[in-house]
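Novice: the sequence isn't on hand, but the structure is:
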């Protein structure tokens, strides 16, 4: 007996057997139920998700004389002949090999003839996006106004290459990528029916490796059965796929959590002896880091496929910020891995980059000097005899509290030092400093500028003050009249004073006076500007 691969042997023959495309199946069954069949259907999606299979089932359903719950019966002559590939009224075309316009014209010449056996003549064109522009033009007229006995079923992995004139004449269904759990359940069912021994972790690994394609998953399952000499074991699947079990990846992340670069490189050396796919190891690290991040935010978020206790230990050793950083570096590292001189060195650099870019969480106190002098070096950099004695008391801020009437100049200088911009600077310039210490900053906003109060501006000003003062202070702004000029008013007065001084300087200049007397010269208004 000729062996038939699992992907063909277990291809669905009716809508009930289709896995993971319930949204499409529901629409097609309702169309059959209410006899509202469109003349052209377009099935799109990635490879191995069931586009051609659904098209064949639909071709069988619209021709089967004995539908059972709007599923083809599978036992009548039409169903059997269609399953065996000898149904004359199903014309399957591979557009990838028949792209010429002459092929399409020959095909369309037979559209006018009535079906031989069934109710409809069905044209199933696979990879329809491969047709040439002239072929689409030859197909277009028939697709727009086909005879009542003709149905078109088109399938493609790239609908963007199909002209919009064709798309507008089709009823389009987008098939989803299958989830690993759906592929795993189908593999489990098939192996139970075939009587083949298997290990659950092995099937889950194959389901993830299928990358959303049922056909790819069943092809890998066939390969695993042969590789394992009639059974599917996790160790054999790891070896077949060139992947590494999760335990070494846990150990690698544990060394990363301890910031032990030597242990990380030793573990990578051990993994390299297994000739693994380092891209797959990065993918496993991403999956584990994802679960760690979930555990840190939601303590009860466990994954039955992973070692919960190990995940909890890693979640306790890593800060949430480090987990997010490691995840982002690993994510970008996947893209850069193929650019490295060799996969191992590229993988090592990704792990070393995680250590290098991890922020230093050691607390350092930097005292800002009032006189603008450079701060003293940290105590670690001083000779042992010159180190100051450490005090248990918190460091005192170098800024003293300010009160109304004494802080105008300081407030203008602070605005300049904080380098504010936009609306935040306008808000600060139209305020007067009422009080400032290490806990609170009180500002009085000129009543005529209430419109400058915006949540974003106040938030930016508070952050700038906290950075300037080096303390998490609170910002309080009250809008009222004030006798003290705001920095904005002072700037206006300063400009007016400079302008007046410039005018007086010009008018009192001896050369200007001589020009006025001898040449009847005059100064044009608005042309004097201070330098």
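Specialist: Right, received. Where do you want to start? Keep in mind that what you see is a predicted model, and the values were worked out from it rather than measured.

Novice: what lies in contact with the strand or helix carrying residue 492?
Specialist: Under the criterion of DSSP states H and E, residue 492 resides in helix 487-507. Identification of contacts with helix 487-507 by CB atoms under 8 Å, 6 or more residues apart in numbering yields 408, 411-412, 415, 426, 428-431, 446, 449, 485, 512, 523, 528-531. Every residue, glycine included, has its C-beta placed from N, CA and C.

Novice: and the next element down the chain from that helix?
Specialist: Next along the chain from helix 487-507, counting by DSSP H and E, comes helix 510-519.

Novice: mind listing which of the contacts of helix 487-507 are in strands?
Specialist: Using DSSP state E, residue 431 are the members of those that sit in strands.

Novice: and the contacts of helix 487-507, which of them are buried?
Specialist: 408, 411-412, 415, 426, 428-431, 446, 449 (16 or more other CB atoms under 10 Å).

Novice: let's verify the residue nearest to residue 205 when sequence neighbours are not counted: helix, strand, or coil?
Specialist: Nearest residue to residue 205, sequence neighbours excluded (CB to CB, 6 or more residues apart in numbering): residue 237, at 5.2 Å. Following DSSP: H, G, I helix; E, B strand; the rest coil, we place residue 237 in the helix state.

Novice: over to residue 28?
Specialist: Once three-state DSSP is applied, residue 28 turns out helix.

Novice: tell me how far whichever strand or helix holds residue 347 is from the chain's mean position?
Specialist: Take DSSP H and E as the rule and residue 347 turns out to sit in helix 343-356. How far helix 343-356 lies from its chain's middle: 22 Å, per CA atoms, centre = their mean, to the nearest Å.

Novice: list the buried residues of it.
Specialist: 343, 346-351, 353-354.

Novice: which among those residues gets closest to residue 326?
Specialist: For the buried residues of helix 343-356, the closest approach to residue 326 (CB to CB) belongs to residue 354, at 5.0 Å.

Novice: that closest one is in contact with residue 256, isn't it?
Specialist: Yes - the pair residue 354 / residue 256 is scored as a contact, 6.2 Å apart, by CB atoms under 8 Å.

Novice: for the helix holding residue 347, packing partners?
Specialist: Applying 3 or more CB pairs under 8 Å, 6 or more residues apart in numbering; DSSP states H and E, we find helix 343-356 packed against helix 246-257, helix 261-272, helix 278-297, helix 320-337.

Novice: show me what the helix or strand following the third one is packed up against.
Specialist: Think helix 278-297. Heading C-terminal from helix 278-297, the first helix or strand you meet, by DSSP H and E, is helix 308-317. Judged by 3+ CB pairs under 8 Å, 6+ apart, helix 308-317 is in contact with helix 246-257, helix 278-297.

Novice: so the shortest one versus helix 261-272, what angle?
Specialist: For the pair helix 246-257 and helix 261-272, the angle between their directions (axes from the mean of the first three to the mean of the last three CA atoms, to 10 degrees) equals 160 degrees.

Novice: rewinding a little: quick check: neighbours shared by residue 354 and residue 256?
Specialist: Joint contacts of residue 354 and residue 256 (CB under 8 Å, 6+ apart) are residue 326.

Novice: what's the burial count for residue 86?
Specialist: 10 (other CB atoms under 10 Å).

Novice: wait, residue 69
Specialist: Residues lying near residue 69 (other CB under 10 Å) number 10.

Novice: distance between the ends of stretch 154-163?
Specialist: 13 Å (CA to CA, to the nearest Å).

Novice: in that stretch, what counts as buried?
Specialist: 154-157, 159, 162.

Novice: got the contact list for stretch 447-460?
Specialist: Here stretch 447-460 makes contact (CB under 8 Å, 6+ apart) with 420, 422-424, 426-427, 430, 445, 475, 477, 479-481, 488.

Novice: need the buried ones from the residues you listed selected in ChimeraX.
Specialist: Burial among the contacts of stretch 447-460 is assessed by 16+ other CB under 10 Å; the matching ChimeraX selection reads:
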select :420,423,424,426,427,430,445,475,477,479,488
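
Novice: just the ones of the contacts of stretch 447-460 in helices?
Specialist: 422-424, 426-427, 488 (DSSP state H).

Novice: ok, back up a step: and the helices and strands packed on helix 308-317: which comes nearest residue 136?
Specialist: Nearest of the helices and strands packed on helix 308-317 (CB to CB): helix 278-297, 38.5 Å.

Novice: between the closest one and helix 343-356, how big is the angle?
Specialist: Computed by the same axes, to 10 degrees, the angle separating helix 278-297 from helix 343-356 equals 30 degrees.

Novice: how far off centre is helix 278-297?
Specialist: With CA atoms, centre = their mean, you get 15 Å for helix 278-297.

Novice: and it, which residues are buried?
Specialist: For helix 278-297, a neighbour-count test (16+ other CB under 10 Å) marks 278, 280-289, 291-296 as buried.

Novice: disregarding flanking residues, what is the spatial nearest neighbour of residue 190?
Specialist: Take residue 190 and drop its neighbours on the chain: the residue closest to it by CB to CB, 6+ apart is residue 10, 5.4 Å away.

Novice: got a list of what residue 5 touches?
Specialist: Here residue 5 is in contact with 218-219, 222 (CB under 8 Å, 6+ apart).

Novice: which among the residues you listed gets closest to residue 105?
Specialist: Of all the contacts of residue 5, residue 105 sits closest to residue 219, with 36.3 Å by CB to CB.

Novice: mean confidence score for stretch 256-270?
Specialist: Average pLDDT, stretch 256-270: 90.

Novice: could you shift the numbering so residue one becomes 488, and keep it that way?
Specialist: With the count now opening at 488, the last piece we talked about shows up as stretch 743-757.

Novice: and which of the contacts of stretch 934-947 is nearest residue 584?
Specialist: Ranked by distance to residue 584 (CB to CB), those are led by residue 909 at 62.2 Å.

Novice: could you say which helix or strand contains the closest residue to the closest one other than its chain neighbours?
Specialist: Once flanking residues are discounted, residue 909 sits nearest to residue 944: 7.9 Å by CB to CB, 6+ apart. For residue 944, the host element (DSSP H and E) is helix 942-956.

Novice: next, the angle from that helix to helix 909-916.
Specialist: 70 degrees.

Novice: for helix 942-956, give the mean pLDDT please.
Specialist: 89.

Novice: next one: residue 572 from residue 935, what distance?
Specialist: Computed as CB to CB, to the nearest Å, the residue 572 to residue 935 distance reads 86 Å.

Novice: need the helices and strands packed on helix 795-804 in JSON lines (columns: distance to residue 568).
Specialist: Listed next are the helices and strands packed on helix 795-804 as JSON lines, based on distance: least, CB to CB, whole Å:
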{"stretch": "helix 733-744", "distance to residue 568": "49"}
{"stretch": "helix 765-784", "distance to residue 568": "45"}
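
Novice: quick revisit: how much space separates the residue nearest to residue 692 from residue 689?
Specialist: 4 Å.

Novice: give me the common contacts of these two.
Specialist: With CB under 8 Å, 6+ apart as the test, residue 724 and residue 689 both reach residue 711.

Novice: neighbour count winner among those two?
Specialist: Using other CB under 10 Å, the more surrounded residue of residue 724 and residue 689 is residue 724, with 25 against 22.
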